[in-house]
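Asker: just a sequence and a predicted model for now, questions to come.
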Amino acid sequence: MKIFYSDTHRKHQPPFEVFDGGKRVPYLENADRMECILTALQNTDWAELTPPTDFGLKPILAVHDKDYIAFLASCWTEWLILDPTVAESPEQHAFLPATFALRRKSSHVPSELLGKAGYYIMDLSACIVAGTYEAALGSANCALSATEFVAKNQSSAFALCRPPGHHAGKDYAAGYCFINNSSVAANWLSSKGRVAILDIDYHAGNGTQDIFYERDDVLTISIHSDPDFEYPHFIGYADETGAGAGLGFHRNFPLPKGTGDEGYLSALDEASNLIKSFAPKYLVVSAGMDTFDGDPLGTFKVTRDGFAEIGKRIAMLGLPTAIIMEGGYANAALGENIVTLLENFKS
């Protein structure tokens, strides 16, 4: 199985993030996650690691606002100019705003850097350091390379993406995500036929929902923890089903705390029936492993056997599938969990 991976993710290593209540903690979405997955993949006899192709900005700008991408590209350098003391110990700093925009249709994008940051960043986990933009581009190229392989070969491939992407909206970063890898991939594929995105991360794919909410050529489905009690809180509810041309082409499956294999697979079966009815040519899977029992950012109780069955049921859809890495923070189990899922797709 083709695995698209880039070492550029190592350039994105914020020294901290800020949890609810203002607690500063070590950054959970760290490079160790990739090491755990790589080790597990290298212990198989079917994983073929391949570097990504550089697709340039065109497929990214087809999904994301150009001014937002320009902000990601320049904000660290601009911050160094505004505060030269950061350059004395950059490894101890992460760029974050203190003021966040309450989005309204009449919102103006401020010209001042920290004002822009509050407009383009949703929360205090989307920390930016010197290498964040380069890492995000590399991650998007992994997703696009996997997608190109899937389209050419009518098979499956895995994009080992870091940073992840599904919380990034058209013009904002959120939840460790800067460029929405799955959305960039799905949009690229949509010129070749109808596409379905199935998000199996623990948290709602708010960015993906935002990007495709008014489109009918890409079906988006997210199975996740109920946002009434879990991040991202303000999006991901069952009554959000699309708008305009996209009405009926988005579905959320918010699940309660403690959901285990049985409850999760029941929701997956319903989601699978929606995909079959849509009859897409391609499938993109946003593969978060933070539904695992014991994940530090989750409350679900999905087991490794559950991941095997999840992979089996998705593979049974019989679609060329691009699998895009999202969350999962129980590092000791992360590699084996993703391998267990992927084994169902190897040729």
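Answerer: Thanks, I have the structure now.
Asker: please make it C-alpha for all contacts and neighbour counts, starting now.
Answerer: OK.
Asker: which strand in the protein has the most residues?
Answerer: strand 218-225 (DSSP state E).
Asker: show me how far that one is from its chain's centre.
Answerer: Relative to its chain's centre, strand 218-225 lies at 12 Å (Cα atoms, centre = their mean, to the nearest Å).
Asker: what lies in contact with that strand?
Answerer: 186-187, 190, 194-205, 208-209, 212, 236, 249-257, 267-268, 271, 275, 278, 300 (Cα atoms under 8 Å, 6 or more residues apart in numbering).
Asker: show me those that map onto strands.
Answerer: Reading strands off those with DSSP E, I get 195-199, 250-255.
Asker: filter the contacts of strand 218-225 to the buried ones?
Answerer: 186-187, 190, 194-205, 208-209, 212, 236, 249-256, 267-268, 271, 275, 278, 300 (16 or more other Cα atoms under 10 Å).
Asker: so for residue 297, what's the pLDDT?
Answerer: Residue 297 carries a pLDDT score of 97 in this model.
Asker: on the three-state scheme, it is what?
Answerer: For residue 297, the assignment made with DSSP: H, G, I helix; E, B strand; the rest coil gives coil.
Asker: ok, it to residue 211 distance?
Answerer: Applying Cα to Cα, to the nearest Å, the value for residue 297 to residue 211 is 25 Å.
Asker: do the same with residue 127
Answerer: 22 Å.
Asker: neighbour count for the two, which is higher?
Answerer: In this view residue 127 and residue 211 are compared by other Cα atoms under 10 Å, and residue 127 has more residues nearby, 27 against 20.
Asker: tell me where the model's unsure across the stretch 101-250 of the chain.
Answerer: 104-106 (pLDDT under 70).
Asker: again, only using 80
Answerer: 103-107 (pLDDT under 80).
Asker: just the ones in strands among the contacts of strand 218-225 now: which is nearest residue 92?
Answerer: residue 199 (33.5 Å; Cα to Cα).
Asker: what's near enough to touch the closest one?
Answerer: 205, 220-223, 285-288.
Asker: most neighbours among those, which one is it?
Answerer: Top of the contacts of residue 199 by neighbour count (other Cα under 10 Å): residue 220, with 32 neighbours.
Asker: now do the spatially closest residue to residue 47 that is not a sequence neighbour: how many residues are near it, please.
Answerer: Spatially, and ignoring its direct neighbours in sequence, residue 47 is nearest to residue 1 (5.1 Å; Cα to Cα, 6 or more residues apart in numbering). Here the count is done by other Cα under 10 Å, and residue 1 has 17 residues near it.
Asker: renumber starting at 19 from here on
Answerer: New numbering, starting at 19: the last item is residue 19.
Asker: how about residue 19, what does it touch?
Answerer: With Cα under 8 Å, 6+ apart, residue 19 has these contacts: 64-66, 174-176, 363-365.
Asker: go on, residue 347?
Answerer: Residue 347 makes contacts with 46-47, 51, 307-308, 313-315, as judged by Cα under 8 Å, 6+ apart.
Asker: what about 7 Å?
Answerer: For residue 347, the contact set (Cα atoms under 7 Å, 6 or more residues apart in numbering) comprises 46, 308, 313-314.
Asker: swap in residue 117?
Answerer: Taking Cα under 7 Å, 6+ apart, one finds residue 136 in contact with residue 117.
Asker: ok, now how distant is residue 285 from residue 240?
Answerer: In terms of Cα to Cα, residue 285 sits 10 Å off from residue 240.
Asker: sheet partners, orientation included, of the longest strand of the chain?
Answerer: strand 213-217 (parallel), strand 268-273 (parallel) (DSSP bridges).
Asker: wait, is residue 27 part of a strand?
Answerer: No - using three-state DSSP, the secondary structure at residue 27 is helix, not a strand.
Asker: burial measure for it, as a count.
Answerer: Neighbours of residue 27 (other Cα under 10 Å): 23.
Asker: help me confirm that it comes into contact with residue 178.
Answerer: No - the criterion here is Cα atoms under 7 Å, and residue 27 misses it with residue 178 at 10.0 Å.
Asker: A strand includes residue 93, no?
Answerer: No - applying three-state DSSP, one finds residue 93 to be helix, outside a strand.
Asker: quick check: chain neighbours aside, which residue is closest to it?
Answerer: Per Cα to Cα, 6+ apart, closest to residue 93 is residue 131, 7.2 Å.
Asker: neighbours around the one you found, how many?
Answerer: 17.
Asker: output stretch 236-255 in PDB with nothing but the alpha carbons.
Answerer: What follows is stretch 236-255 as a C-alpha-only set of coordinates in PDB (Å, rounded to 0.1, in the frame of the first residue of the first chain):
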ATOM      1  CA  VAL A 236     -19.200  16.400  -2.400                       C
ATOM      2  CA  LEU A 237     -21.100  14.500   0.300                       C
ATOM      3  CA  THR A 238     -19.700  15.200   3.700                       C
ATOM      4  CA  ILE A 239     -20.300  13.000   6.800                       C
ATOM      5  CA  SER A 240     -18.800  13.300  10.200                       C
ATOM      6  CA  ILE A 241     -19.200  10.800  13.100                       C
ATOM      7  CA  HIS A 242     -18.000  12.500  16.300                       C
ATOM      8  CA  SER A 243     -18.600  13.400  19.900                       C
ATOM      9  CA  ASP A 244     -21.600  15.600  20.500                       C
ATOM     10  CA  PRO A 245     -20.400  19.200  20.300                       C
ATOM     11  CA  ASP A 246     -22.800  20.000  23.100                       C
ATOM     12  CA  PHE A 247     -20.100  18.700  25.500                       C
ATOM     13  CA  GLU A 248     -17.000  18.500  23.200                       C
ATOM     14  CA  TYR A 249     -14.800  20.600  21.000                       C
ATOM     15  CA  PRO A 250     -15.500  22.400  18.600                       C
ATOM     16  CA  HIS A 251     -18.800  23.100  20.500                       C
ATOM     17  CA  PHE A 252     -20.400  25.500  18.000                       C
ATOM     18  CA  ILE A 253     -20.700  23.200  15.000                       C
ATOM     19  CA  GLY A 254     -21.300  19.500  14.300                       C
ATOM     20  CA  TYR A 255     -25.000  19.200  15.400                       C
END
